[in-house]
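**Q** build me a model:
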Amino acid sequence: MAATPAEAEPEVPAEEEDEGEEAAEGPEEIVPIGAQKHDPAWKHCLMVRSAGRVRLKCAYCGKHFLGGGIHRFKEHLARRPGNACCCPSVPADVEGVMHRSLEEVAAKKLRKRSLAAAAGHHAAVPLSYTTPSPSAHNGAAAQAQVSGDMASPIHMVPLNQVLDPRAAPPPLGETPPSEMGWSGDTATKRRKKALAVRRAPATPLAPQFQQQHLQPAPQTQPQHQTVMVALDADAAGSDKEKVCMAVGRFLYDAGVPLEAVNSVYFQPMIDAIASAGGRPEVLSYHDLRGSILKKSLDEVTTQLEFYKGSWTRTGCSVLADEWTTDKGRTLMNFSVYCPEGTMFLKSVDATGIVTSSDTLYELLKSVVEEVGEINVVQVITKNSEVHAAAGKMLGETFPTLFWSPCSFLCIDGMLEDFSKVKAVSDIIGHAKAITGFIYNNAVALSLMKKYLHGKDLIVPAETRAAMNFVTLKNMYTLKEDLQAMVNSDEWIYSLCVLPKNPGGVETSNIVNNLQVWSSWAVVVRATEPLVHLLKLVDSNKRPAMGYVYAGLYQAKAAIKKELVRKSDYMPYWNIIDQRWDKQMPRPLHSAGFFLNPLFFDGIRGDISNQIFSGMLDCIERLVSDVKIQDKIQKELNMYRKDTVGDFRRQIAIRARRTLPPAEWWYTYGGACPNLTRLAVRILSQTCSAKGCDRTHIPFEQIHDQRMNNFERQRIRHLTFVQCNLRLQHRQQYKAKAFDPISVDNIDIVDDWLVDRSALSSGPTEQRNWMDINQPFNWVAGLGDEFESFIEGVADEIVQGASQGTQDDDDDDDDNSKDEPCL
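**A** Predicted coordinates for the structure are as follows:
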């Protein structure tokens, strides 16, 4: 949205206006941003006071701005070079919003100039370049005399000057910029010159121009219209507030979830309404259920046809996302994944199906036939005995595909089991005591925002188990800020002395306990690779098939490095092995590791039998022609020896760490065409059965037997559109505004916000949500999980994973079944 007039100028002293960006000097004090600041850029910055100077601070890169106002900061977020440096950390969706806002500002200025020109053309009498007659001068003088005699406090401004402020003289008492005595460099002088041109009073008019200026407006432009235009200009600043209130009333009345504004389609909707102009026709209930739904269905179907076109080249994965509803019904959403995008297929009521491997097999078989056996590389489901049995039967029926358990559920289960180990659960309990108190106390919450510079202790995660370890790491990075907060006079006197607050005292004791922080650090370092692997598997940026095998090895290596003793780290290793199920071969993951060029150096020497057997399983299963199998075997040896084609080129060696694995094979695998086709099909697959976000999608209504047949079909199409729209922008949906205390996040945040001290002693204050400041609009942006993973993989990790040497440990220490310690 365009900036309002009140936001157009920076709120910093004039002498600081040209100083640019600087680092903070001394401690910072956060200054509340007024409610009248409606420009979208205000949501992504802090207003801080340091060394007596007010600055704008970028919420992403921490850059300070002393001048230029919100418009210059917006250019910083939009990464538009010129007046400000480009933000290196701004999320892509925020950058897009800032671009649109800048374009709207420019368009608004252009419309204003066009309107002013048109109004001036109709309102002004054509100017004559001939010398006026003396009578004309006399008439003008007489009229000026009348105007002087009838002095009035009302300053009448012609319509063209109202519409174009540049044409108006400066207000009385305003000093032109040319008289302020500013000094500076060349860029500053150019800016002063531009300001002087914009604000300087008009040149004295020639007599004929003075006469024109003093003449009353023609009858076609009544004087009261000038007054009305001026009033409209004064009221323009409240337009944004009116829009916001109108949107709020609609959401509240209709019961629409407030997180609907996080939709990637919300801002485009506002833009479309604004660009329509006038009073756009209101959509009806029947329009949304009829013609608009039909057009949306056509748009989505067209996009999905593009996805289907790539299935024969890259293959695809059938995903079975299974969950239980609040009414106890088991539903299964089927989707089809390929590197071009994920397509939602249908939702099935599987309540009576998942209890039997035979009925589940029939369901999976029908879906494979619907997608096309020749296209399917794997079918991913939950990892239960029933699903494994059904998957085995599916593999016997279709010998050219695999059944795979969902890696995301496996890794999340590992983290969940880690959370139950006493040494880890104690640290999580300490962390929850801190967050539970702070997020339920207005004073503590205000101090947290101050000392943590607007950051939150709780950050978003995909699951409850992941929330434990993601938040532990975030709090550990804020350790010094937390210690400064609980040792400040404000905390001590407000929460520990007068009055004595049990929660405040407990929080201070935990934060100041060095032994707790020592154990805290071990938990964070030991579990960080596994948490990172969970994010990587759930990412939609590139297929994860070629990374999971090495990622699990790296996770076990990190645990061993931190805990050292076999009796301490083996219980965690056992959890990983039990969840991953070492007795169940996963040939796709083995082949993915073997073919990933990132791990090329690890496969040139000795390689474990498990990895090579998995590679051979994929050749035999995914390639039905035995002659092509033999060719692939020869090309496989050529690839390992790095003796032919473009594999030896330096550009190919550098690209191993930058290009996605399948794309690398497309580019440099021309000497091994058969192996390249197989590698692309394997490395183009996902490892997770997760589909789209299911929130507020009426899946259960589809299976309501009371529904009319036509309406059931309509609801199926509506669900089809909703799911596929979310899947198309899945990564952007993850990068959204996050408020830990919001009820929208209660299923993930769980008991991290429960005040345990209040449960035992009762609340110590009267709580009112209006007493807490509105949270800063921190966007839960996502980094590149793959780049971070690649940077963290050391050569010894690759060598160990390829040789399978991690299990060989001659440390016959204590019994590995004992409870591990930290």
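**Q** contacts, neighbours, all on C-alpha from now
**A** Noted.
**Q** now tell me what touches the helix or strand harbouring Trp491 from outside.
**A** According to DSSP states H and E, Trp491 maps onto helix 489-491. Helix 489-491 is contacted from outside by 444, 447, 485, using Cα atoms under 8 Å, 6 or more residues apart in numbering.
**Q** after it, which helix or strand is next?
**A** helix 502-511.
**Q** now do the buried residues in that next one.
**A** 502-508, 510-511 (16 or more other Cα atoms under 10 Å).
**Q** turn the contacts of helix 489-491 into TSV, columns for neighbour count and pLDDT.
**A** Formatted as TSV, the contacts of helix 489-491 follow (neighbours: other Cα atoms under 10 Å; pLDDT from 0 to 100):
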residue	neighbour count	pLDDT
Ala444	21	88
Leu447	20	90
Met485	21	93
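**Q** for Ser608, phi and psi?
**A** phi -70, psi 150 (degrees, to the nearest 10).
**Q** by mean pLDDT, which helix or strand of the protein comes out lowest?
**A** Within the chain, no helix or strand scores below helix 207-214, which has a mean of 38 by mean pLDDT, DSSP states H and E.
**Q** all helices of the stretch 701-822 of the chain, in order?
**A** Along the stretch 701-822 of the chain, counting by DSSP state H, counting those that start in this stretch, helices occupy 709-728, 730-734, 746-749, 756-761, 785-792, 795-803.
**Q** same question for the stretch 451-600 of the chain.
**A** Under DSSP H, counting those that start in this stretch, the stretch 451-600 of the chain gives helices at 464-477, 479-486, 489-491, 502-511, 514-538, 548-563, 566-580, 587-595, 600-603.
**Q** how far is stretch 585-593 from where the chain is centred?
**A** With Cα atoms, centre = their mean, to the nearest Å as the basis, stretch 585-593 stands 31 Å off its chain's centre.
**Q** just stretch 263-277 next, same as before
**A** 19 Å.
**Q** buried set for that stretch?
**A** For stretch 263-277, by 16+ other Cα under 10 Å, it's Val264.
**Q** what mean pLDDT does that stretch have?
**A** The average pLDDT for stretch 263-277 rounds to 85.
**Q** list just the nearest of the buried residues of helix 502-511 to Pro88.
**A** Val511 (32.6 Å; Cα to Cα).
**Q** report the separation between the closest one and Asn468.
**A** Separation of Val511 from Asn468 (Cα to Cα, to the nearest Å) stands at 18 Å.
**Q** cool, Thr667 as well?
**A** 41 Å.
**Q** check which residues of stretch 528-540 are buried.
**A** 528-540.
**Q** now stretch 706-725
**A** Quick answer for stretch 706-725 (16+ other Cα under 10 Å): 712, 714-725.
**Q** got it, and stretch 512-521?
**A** For stretch 512-521, by 16+ other Cα under 10 Å, it's 512, 517, 519-521.
**Q** what does it rub up against?
**A** Contacts of stretch 512-521 (Cα under 8 Å, 6+ apart): 427, 472, 476, 483, 510-511, 822.
**Q** now it: mean pLDDT?
**A** Rounded mean pLDDT across stretch 512-521 is 94.
**Q** ditto for stretch 536-546
**A** Stretch 536-546 comes out at a mean pLDDT of 88.
**Q** ok now that stretch, how far from the chain's centre?
**A** That offset, for stretch 536-546, works out to 17 Å (Cα atoms, centre = their mean).
**Q** contacting residues around that stretch?
**A** 339, 407-408, 548, 588-589, 591-596, 660-661, 682-688, 690, 730-731, 785-786.
**Q** in the stretch 551-700 of the chain, what spans have low per-residue confidence?
**A** Applying pLDDT under 70 to the stretch 551-700 of the chain flags the ranges 582-583, 602, 643.
**Q** mind redoing it with 90?
**A** The model of the stretch 551-700 of the chain has pLDDT under 90 over residues 564, 580-586, 598-611, 636-650, 653, 656-658, 670-671, 690-700.
**Q** so what's the closest residue to Asn375 other than its chain neighbours up against?
**A** Among residues not flanking Asn375 along the chain, Gly315 sits closest, at 5.0 Å (Cα to Cα, 6 or more residues apart in numbering). Going by Cα under 8 Å, 6+ apart, Gly315 touches 338, 375-377, 681, 684-685.
**Q** neighbour count added to the residues you listed, as CSV?
**A** Formatted as CSV, the contacts of Gly315 follow (neighbours: other Cα atoms under 10 Å):
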residue, neighbour count
Cys338, 23
Asn375, 22
Val376, 25
Val377, 24
Arg681, 21
Ser684, 27
Gln685, 26
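**Q** ok, longest helix in this protein?
**A** In the chain, assigned by DSSP state H, the helix with the most residues is helix 92-123.
**Q** centre of the chain versus it, how much separation?
**A** With Cα atoms, centre = their mean, you get 28 Å for helix 92-123.
**Q** counting contacts, what elements does that helix pack onto?
**A** helix 69-77, helix 159-163 (3 or more Cα pairs under 8 Å, 6 or more residues apart in numbering; DSSP states H and E).
**Q** what about 6 Å?
**A** Contact analysis of helix 92-123 by 3 or more Cα pairs under 6 Å, 6 or more residues apart in numbering; DSSP states H and E lists helix 159-163 as its packing neighbours.
**Q** what's the average pLDDT for the helix it packs on?
**A** 42.
**Q** same question for stretch 430-442.
**A** Rounded mean pLDDT across stretch 430-442 is 90.
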